[in-house]
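> sequence first, predicted coordinates after that:
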Amino acid sequence: MTLADLAAAGALTGGAAGGVCFRTGPFITRLETRFAPVLSLLVRFYGETEAFTTPQIVNFNIALHRPLGPRRWWRAQMRFRIEDTEPFEPYPLSHSYPLFEWGLNWSIATRSNHYLMLHAGVVERAGRALILPAVPGSGKSTLSTALAFRGWRLLSDEFGLIERPSGRVMPLPRAIPLKNRSIDVIRAYLPEAELGPRFDKTRKGTVCHVRPPDDCIRRQQETAEPAWIVFPRYVEGHPTDLIPIPKSLAFVRLAHNSFNYRVLGATGFEQLRALIGRCDCYSLTYSEFDSVLPALAAMADGGRQQGP
Amino acid sequence: MNNNLPDLTNDQQGQSSPDSARRRLLRTAASAAPLIATLPSGAAFATASTYQCISKDKAASAGTVPSFDDYKQSLDQWFRSKAYRVVWTNTSSPDIPTYRFSTDEVNGPFYLEEDGGLFDLTKYPGYTKGSAVEVYVLRLYVPDNASDPTDVYPACTNPNGAGVPNGTASPSDQCVFPFTNRQGDVMALTGSCWCSISGDC
Amino acid sequence: MADNASTQWQAIRPELWIWADWEADYGIYDGGTGETHLLSELPAEVLRQLSRHVMTAAALTANLASLCEVEMAPAWTRKIGGILSELADLELIEPVRL
């Protein structure tokens, strides 16, 4: 059963009676909310995802509720709750859906230390994963979106989940939040991509989510072997430059781009060392999709890197 | 935990001697500046918040903070490292603060100015060396990426434009760019930024 | 810097170290402090030797000079002394207390 099936049957209820229980990659999320716009977007973006009507062991119990009192109506707000904690200030009611997405990200990043978690986009091709770690603002999400619609399966635009002990990458496909200029870039380059509503004046500017391709949702329990680590950087007007980098540098950069490298201690070091050992590592500077996408495809088709 | 020390020996009789490849690297390393650096604490979240912290605090900094814009694309290549802050003085001209990272006393010592360029005393007549104070700085890590195994420490160009020479004459084999320091109570960054970077609080 | 050439040095709990070996650089995770360090060849060799034997600074300096095929000059002694000082600051090595 999927979320779309539940909605079609009129059984999608986010109310107090159980909430909506659905798969989020390797996790099971339960969302409790009566706010129809959030439920509507949930089905729109994740309609193909597995939904549960029987009791489950839930990883993230999330509630989105409007406050009681004047803020229910005047400058209306939405509050995010995970288990018994309200970790954020309330958001404007109009930003409820981004609040859900960012809140779930935060919950995953702070509670999933059984994985090595990289701050990275990840896509897959022929069973092999391309990991795109990047500092914020480097264009990772935009590039991940383009790859997801051009020959690669999206595993995640935000989290590289590395499983122990296999070292394989776990999918966590989510609606991809594009910000500001990236929205128009993707709208122009990928007319087939379905974009959700624009949310203006959020804390990150204007945000608009891309619906992940159905295939990546249906296959969200299919792991991949890590094969390439590419550190992307968008620079306007720059030609595509895909340059092999030493593994020592890849290690340093990946440690910086991990949510929980230090928390994991020795395990994190060993996992990262092993991951680097399995992958060819590159830095990438680019500005044009028509140039960078073929370059990455050629890298994927080209066999093992011969380099430092 | 296992002590999986890299096995530098190929001698099965219990004698300790590096193989030929390692010996070659050691010979080259002997004439180069040694690298000892530590990953800053806080990892991913710290890098973005550190940049924000430094950007906001530049105006309030007690010390000199070189232009950060050149480095913001390399937020994930930082290490922290110990250095010595050496101030060169002249009775009639402003002081010149420099940093000495190298324990490379074979070819040096070498001093780097705050923009990362090599300090050339011959260009500053009348200056004398003042005291050296231990500081901690952030360094941009640029490792050996040469395909030629004999070129262990390739040239590195300071993004500010002051090229640093290659080879045994170079103290900046690891592209050292000092852009903050803690020196007693004088900090180029506020305490909160420093704590974010170093965890040393 | 090493205060005394006859000071004996030892590694601090090298059984808690985990190494990564990349070309000319090494990564080392120190389980004792939780820190991750990056070392070039010469400091890594210092740690390797001190993890196997307690050594005086003088003996270590001579050993390394032989391995690196350099002369035992005062500048070399200062260089090794500087490395010992930095590694001690990072709590990877310590002088032996008798």
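That came through, no problem.
> quick check: the residue of chain B nearest chain A.
Closest residue of chain B to chain A, CB to the nearest CB: residue B:76 (3.6 Å). For the C-beta atoms, the positions are set from N, CA and C on the backbone; glycine is no exception.
> distance check, that residue against residue C:37.
Per CB to CB, to the nearest Å, residue B:76 is found 17 Å from residue C:37.
> my read: residue A:157 touches residue A:141, true?
Yes: counting by CB atoms under 8 Å, residue A:141 is a contact partner of residue A:157 at 4.8 Å.
> who has more neighbours, these two?
Taking other CB atoms under 10 Å in any protein chain shown, residue A:157 and residue A:141 do not tie; residue A:157 has more neighbours (27 against 21).
> who are the contact partners of the more buried one?
A:121, A:140-141, A:144-145, A:174, A:176-177 (CB atoms under 8 Å, 6 or more residues apart in numbering or on different chains).
> identify the farthest-apart pair in those residues.
Greatest spatial distance among the contacts of residue A:157 (CB to CB): A:140 and A:174, at 13.5 Å.
> tell me which parts of the stretch 151-300 of chain A are close to chain C?
A:246-248, A:251-252, A:255, A:262, A:265-266, A:269-270, A:273, A:276 (CB under 8 Å from any CB of the partner chain).
> which one of the residues you listed is nearest residue A:191?
Minimum separation from residue A:191 among these (CB to CB) is found for residue A:276, which lies at 37.9 Å.
> what's the helix or strand for the closest one?
Using DSSP states H and E, residue A:276 falls within helix A:261-278.
> return a ChimeraX selection command for the buried portion of the residues of the stretch 151-300 of chain A next to chain C.
In ChimeraX, a selection of the buried entries from these looks like this (16 or more other CB atoms under 10 Å in any protein chain shown):
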select /A:246,247,248,251,252,255,262,265,266,269,270,273,276
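> CSV for the residues of the stretch 151-300 of chain A next to chain C, including distance to chain B and pLDDT?
Shown next, in CSV, are those (distance: CB to the nearest CB, whole Å; pLDDT from 0 to 100):
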residue, distance to chain B, pLDDT
A:246, 5, 86
A:247, 9, 90
A:248, 5, 88
A:251, 9, 93
A:252, 5, 89
A:255, 6, 91
A:262, 6, 88
A:265, 10, 93
A:266, 6, 96
A:269, 10, 97
A:270, 9, 97
A:273, 10, 97
A:276, 13, 96
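> which intervals of the stretch 101-250 of chain A have sub-threshold pLDDT?
Flagging of the stretch 101-250 of chain A using pLDDT under 70 yields the residue ranges A:136-137.
> for it, which segments count as strands?
Secondary structure of the stretch 101-250 of chain A (DSSP state E, counting those that start in this stretch): strands at A:115-125, A:128-133, A:153-156, A:159-163, A:169-170, A:176-179, A:195-202, A:205-210, A:225-234, A:241-244.
> out of these, which is closest to chain B?
Of those, nearest to chain B by CB to the nearest CB is strand A:115-125, at 4.7 Å.
> wait, does the closest one contact chain B?
Yes: on the criterion CB under 8 Å from any CB, strand A:115-125 is in touch with chain B at residue A:119.
> let me know the secondary structure of the residue nearest to the spatial centre of chain C.
Per CA atoms, centre = their mean, the C-alpha nearest to the average position across chain C is that of residue C:46, at 3.1 Å. Put simply, residue C:46 is helix when judged by DSSP: H, G, I helix; E, B strand; the rest coil.
> how about it, nearest residue that isn't a chain neighbour?
Closest residue in space to residue C:46, ignoring its immediate chain neighbours: residue C:83 at 5.5 Å, by CB to CB, 6 or more residues apart in numbering or on different chains.
> report the contact partners of that neighbour.
Residue C:83 neighbours (CB under 8 Å, 6+ apart): B:34, B:36, B:103, C:42-43, C:46.
> my read is it is in a strand, agree?
No: read with three-state DSSP, residue C:83 is helix and lies in no strand.
> look up how far residue C:14 lies from it.
For residue C:83, the distance to residue C:14 - CB to CB - is 16 Å.
> still on that earlier bit, how about the contacts of residue C:83, which pair is most distant?
Maximum distance among those (CB to CB): 11.1 Å, for B:103 and C:46.
> hang on, the earlier thing: among the contacts of residue C:83, which ones are in helices?
Taking DSSP state H, the ones among the contacts of residue C:83 that sit in helices are C:42-43, C:46.
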